[in-house]
Structures are given as structure tokens and as C-alpha cells.
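Visitor: Got a predicted structure plus its sequence, pasted below:
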Amino acid sequence: MRPPAWRRARQRGSPVNALKRERDASLVVDRPGRILVVDDDAAIRRLMFDVLRRAGHVVECVESAELAHPRLDDVDFDLVVVDLALPGQDGADFLREALRANPDLVAVVMTGQGSVRSAVDCMKTGAFDYIQKPFPPSALLGVIDRGMEVRRLRTENIQLRETVAIYELG
């Protein structure tokens, strides 16, 4: 006796399942993101390190803006996550300087004392997104995934402009 059509489709891979596999494969990042986390709270740094590392990213954590500046000079990070309330230089000033030095850097701001005004100010400065502590890991990963997609699109845009410029010269 011949199995029903739905079972035969499942056995050979239905078109719906093929589309789902293709969609899921397109969500895989070409390369892991290089992420710098700047937060004075050791527990938050540890949590973010673990969550982002498990998601496949390369993560570095520092506790102050003073320690973050040399890392940004040495490493080409895709994304920086910075707390607004940092000892010494605050997160908003650090964000301005980091984005001035590298305009393609994607910045996510986080704080425990969030207000609408501080969020708007950071977005005007150039932050990609704003997340308020405490946050569940799923919310963090959602923001990071969207930020990584923005970084990918910015990089692709630069590459396409360079390619067009080469063809225009030739």
C-alpha cells in the first residue's frame, strides 16, 4: 500500500520545508560579529559575554570608556554596546567620540536609569538602538541581530560604491 501524499512529501522534503530551510540558512551570519561591551557592572558584562558568545559572536568586555578607547583603536569592531552611566567619562561622551572616529560602527546604548530624553539624545548622537536594564537575553539578541544587519548593509553599501567607482574610472 502506498503512503499518503503528505507522508511522501515529508520523506522527500516538501517545498514548504525547503523554503523554511532556505530562509533559516539566510539568517546565518556570514561571519561572527566583533562586539565590544562597555559596562562598569561585572555581572552585566559576564551575562552579555556569555549570551553573545553563545550566539556566535566574538566579544570583548571592558569596564570603562578609558579602557574602551584603545580597544577601538586596535580592533575593527562591528558593534559596541555601551552603558550610559560609566565611571570617569560617561557613555554618551564615549559614544560621540567612538562614532566620530568610526562612523560605520553600530552603537547600542544601555542604562538602568533610562529616560525618554536620554534615549532621544543618544539616538541623535548616532546610536542605533537603546535598551534599558534589566533586559532579557532575547531582547539583547534581537537588538544585536538588527545592529549586525545594519553593519552588514553599511559594509555592502561601501563595497558597492567602490565597485561602481572602479567601473566609472575604467
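Guide: Yep, it's here.

Visitor: Could you list the single helix or strand in this protein with the lowest mean pLDDT?
Guide: Lowest on mean pLDDT, DSSP states H and E among the helices and strands of the chain sits helix 15-26, with a mean of 39.

Visitor: After that one, which helix or strand is next? Please name it.
Guide: strand 34-38 (DSSP states H and E).

Visitor: Counting by contacts, list what the next helix or strand after that next one packs against.
Guide: Counting by DSSP H and E, the element after strand 34-38 in chain order, helix or strand, is helix 42-54. In terms of contacts (3 or more CB pairs under 8 Å, 6 or more residues apart in numbering; DSSP states H and E), helix 42-54 is packed against strand 34-38, strand 58-62, helix 137-169. (Each C-beta comes from the backbone N, C-alpha and C, glycine too.)

Visitor: Could you list the low-confidence segments of this protein?
Guide: Scanning the chain for pLDDT under 70 picks out 1-31, 114-116.

Visitor: what residues are up against the residue nearest the centre of it?
Guide: The centroid of the chain falls nearest to I144 when counting by CA atoms, centre = their mean (3.3 Å). Going by CB atoms under 8 Å, 6 or more residues apart in numbering, I144 touches 33, 35, 52, 55, 57, 79, 81, 108.

Visitor: Ok, A92 next?
Guide: 84, 109, 118, 121-122, 125.

Visitor: Go ahead and list the helix or strand containing it.
Guide: helix 91-101.
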